[in-house]
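**Q** 3D model of this:
(4 chains)
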Amino acid sequence: MKLDVRLFARARDAAGAECVTVELPAGARVADLRAALAVRSPNLRALVPCLLVAVGTEYADDRVLLSPNAEVACFPPVSGG
Amino acid sequence: MKLDVRLFARARDAAGAECVTVELPAGARVADLRAALAVRSPNLRALVPCLLVAVGTEYADDRVLLSPNAEVACFPPVSGG
Amino acid sequence: MQRLTEEPIDYAALTESVRSTDSGAVVLFLGTVREMTNGRRTTALDYEAFGPMAESKLAEIEAEARRRWPLDRVAIVHRLGRLELGDVSVAVAVSSPHRVEAFEAARYLIDTLKQTVPIWKKENWHDGTTEWVHPGLESSGCKSNPLADKPPVPPAVRGATP
Amino acid sequence: MQRLTEEPIDYAALTESVRSTDSGAVVLFLGTVREMTNGRRTTALDYEAFGPMAESKLAEIEAEARRRWPLDRVAIVHRLGRLELGDVSVAVAVSSPHRVEAFEAARYLIDTLKQTVPIWKKENWHDGTTEWVHPGLESSGCKSNPLADKPPVPPAVRGATP
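**A** Okay, here's the model as predicted:
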């Protein structure tokens, strides 16, 4: 399946794109997404271990299963306020 | 010596006056003022033990010595805010 | 800055007065006239103060707050006279570089104000009766006096005169 | 009420919106753009958000605050885009019958917002360089990921879905 991944803040700047598409096997989990992202965008590799992953509007840990229509976003730690 | 004592809130209402004058011997302390106040204004008697006493703009406990020109105020516990 | 006023408190102007580019945080506290207290309905409050002492005590608690926390600006205004439901009776505004200090100082200032500054409120109950509010004082008198057996300066502001 | 906006925050209107005769206390917190951070001079901040998730998380933390304290009204606004020195980046206003709850809830809301709501700021330093602020992330990467080994909902908002 193909997933569009939205990127924010330093992750977007490092990837040079607001959104990247990664190819994942059916049954992939968030951990697989991280690995695919590092391959897809080498400039993100250093950031990937510390990116937060959201599916829809919820944080998702590495064990969360990804569906083909998942809306996925990745970003470094937040700093609002 | 004669001291004018300013009263506030329920103490003023109980005494029926914003200010009462009490006669005290030289060397009198705040404790003596309390006693004199209860005699001078019987309606204050129930309140006297719990009045706060200020000399100038500072709280004064029962041991504080009163000078003839002391500016004295007596009032029940505060409730601002 | 501390002030007593008979006019409505312009808390927005007060808040503006503590903002600065040295601060990352502003905390504003407003006391407002609540309708219900322990199941009884209020229609208005009357506030009175022993003015000179109240201003002196407000200056002391600001000085003590500044000793305890690295504050930027502080502004405290207490209103006196007749206040209707919802009116602002007191406003405390504090700014500081970081938020923890602004929160702690604002809390300290209003807590200490309520304990030590000679201001009193009178309830005007909906049933037509009125009642001075004197915490710890029962209608029959009081059991203990916080000053009689203690040093002249109440504990909460003792640190103000080291 | 929670909102993201590109416009200056009208914190006075926000504060008015939480006042009510059911409340005796209002606490307002403002985050403002500070000039100096760890000895470095800022000229401006750029804020961006993952909008739909940020709004959802703001609603969650308001709901959690209401579960923890008996609050009357709550209003949270975060500004996005370019902010100059002294500008208000975030405003949190809370009212409650008594002051302790208003203070604690306002503190909880801003603390939790800073930990869990997907908003980021970029420093525009006086020396012309820019830098995204990502707490815990060093330039070389990060040592540990707060999400990788934990349940999907960060600890600070777990209680929001009991």
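**Q** which residues does residue A:71 contact?
**A** By C-beta atoms under 8 Å, 6 or more residues apart in numbering or on different chains, the contact list for residue A:71 reads A:6, A:55, A:56. Bear in mind the C-beta positions are built from the backbone N, C-alpha and C, glycine included.
**Q** which of those are buried?
**A** A:6, A:55 (16 or more other C-beta atoms under 10 Å in any protein chain shown).
**Q** wait, which of the contacts of residue A:71 is closest to residue D:71?
**A** Distance to residue D:71 across these (C-beta to C-beta) is lowest for residue A:56, with 27.4 Å.
**Q** how about that closest one, nearest residue that isn't a chain neighbour?
**A** Spatial nearest neighbour of residue A:56, excluding adjacent residues (C-beta to C-beta, 6 or more residues apart in numbering or on different chains): residue A:71 at 5.5 Å.
**Q** got the phi and psi for the one you found?
**A** Dihedral pair for residue A:71: phi -90, psi 110, per degrees, to the nearest 10.
**Q** next one: residue A:11
**A** Phi and psi for residue A:11, reported as degrees, to the nearest 10, are phi -70, psi -40.
**Q** same question for the one 3 residues further on.
**A** Reported as degrees, to the nearest 10, the phi and psi values for residue A:14 are phi -70, psi -40.
**Q** hmm, it is touching residue A:43, no?
**A** Yes - shown here, residue A:14 and residue A:43 form a contact pair, counting by C-beta atoms under 8 Å, at 4.7 Å.
**Q** the two - which one has more neighbours?
**A** More neighbours surround residue A:14 than the other of residue A:14 and residue A:43, with 19 against 12 (other C-beta atoms under 10 Å in any protein chain shown).
**Q** ok, the closest residue to chain B within chain A - how many residues close by?
**A** Nearest to chain B in chain A, going by C-beta to the nearest C-beta, is residue A:81, at a distance of 28.8 Å. Neighbour count for residue A:81, taken as other C-beta under 10 Å: 22.
**Q** equivalent analysis for residue A:42, please.
**A** 10.
**Q** that older thread, where does the residue of chain A closest to chain B land in three-state SS?
**A** Three-state call for residue A:81 (DSSP: H, G, I helix; E, B strand; the rest coil): coil.
**Q** verify the stated contact: it with residue D:89.
**A** Yes - Residue A:81 is within contact range of residue D:89, at 6.9 Å (criterion: C-beta under 8 Å).
**Q** give the residues shared as contacts by the two.
**A** D:31, D:78.
**Q** and the spatially most central residue of chain A, what are its bridge partners?
**A** Taking C-alpha atoms, centre = their mean, the centroid of chain A lies closest to residue A:74, which sits 3.9 Å from it. Residue A:74 has these beta-bridge partners by DSSP bridges: residue A:7, residue A:53.
**Q** contacts for stretch A:23-30?
**A** So stretch A:23-30 is contacted by A:1-3, A:32-33, A:36, A:53, A:55, A:60-66, A:68 (C-beta under 8 Å, 6+ apart).
**Q** looking at those residues, which are in helices?
**A** Counting by DSSP state H, these place A:32, A:33, A:36 in helices.
**Q** residue in chain C nearest to chain A?
**A** residue C:99 (8.2 Å).
**Q** for that residue, which non-adjacent residue is spatially closest?
**A** Leaving aside its sequence neighbours, residue C:99 sits nearest to residue C:25 (C-beta to C-beta, 6+ apart; 3.8 Å).
**Q** ok, that neighbour - how many residues close by?
**A** Counted by other C-beta under 10 Å, the residues lying close to residue C:25 total 22.
**Q** roughly how far apart are it and residue A:81?
**A** To residue A:81, residue C:25 is 9 Å away according to C-beta to C-beta, to the nearest Å.
**Q** which neighbours do those two have in common?
**A** Common contacts of residue C:25 and residue A:81 (C-beta under 8 Å, 6+ apart): residue D:31.
**Q** what about residue C:76, how many residues close to it?
**A** 25.
**Q** what of the one 4 residues further on?
**A** Counted with other C-beta under 10 Å, the burial measure for residue C:80 works out to 20 neighbours.
**Q** what's the helix or strand for the nearest residue to it once chain neighbours are set aside?
**A** Using C-beta to C-beta, 6+ apart and skipping residues adjacent in sequence, the residue nearest residue C:80 is residue C:47, 4.7 Å away. Using DSSP states H and E, residue C:47 falls within strand C:40-49.
**Q** neighbouring strands - and their directions - for that strand?
**A** In its sheet, and by DSSP bridges, strand C:40-49 pairs with strand C:36-37 (antiparallel), strand C:81-84 (antiparallel), strand C:119-125 (antiparallel).
**Q** got the buried residues for it?
**A** Buried residues in strand C:40-49, counted by 16+ other C-beta under 10 Å: C:42, C:44, C:45, C:46, C:47, C:48, C:49.
**Q** beta partners for the second one?
**A** For residue C:44, the beta-bridge partners under DSSP bridges are residue C:84, residue C:124.
**Q** with that, I have no additional questions.
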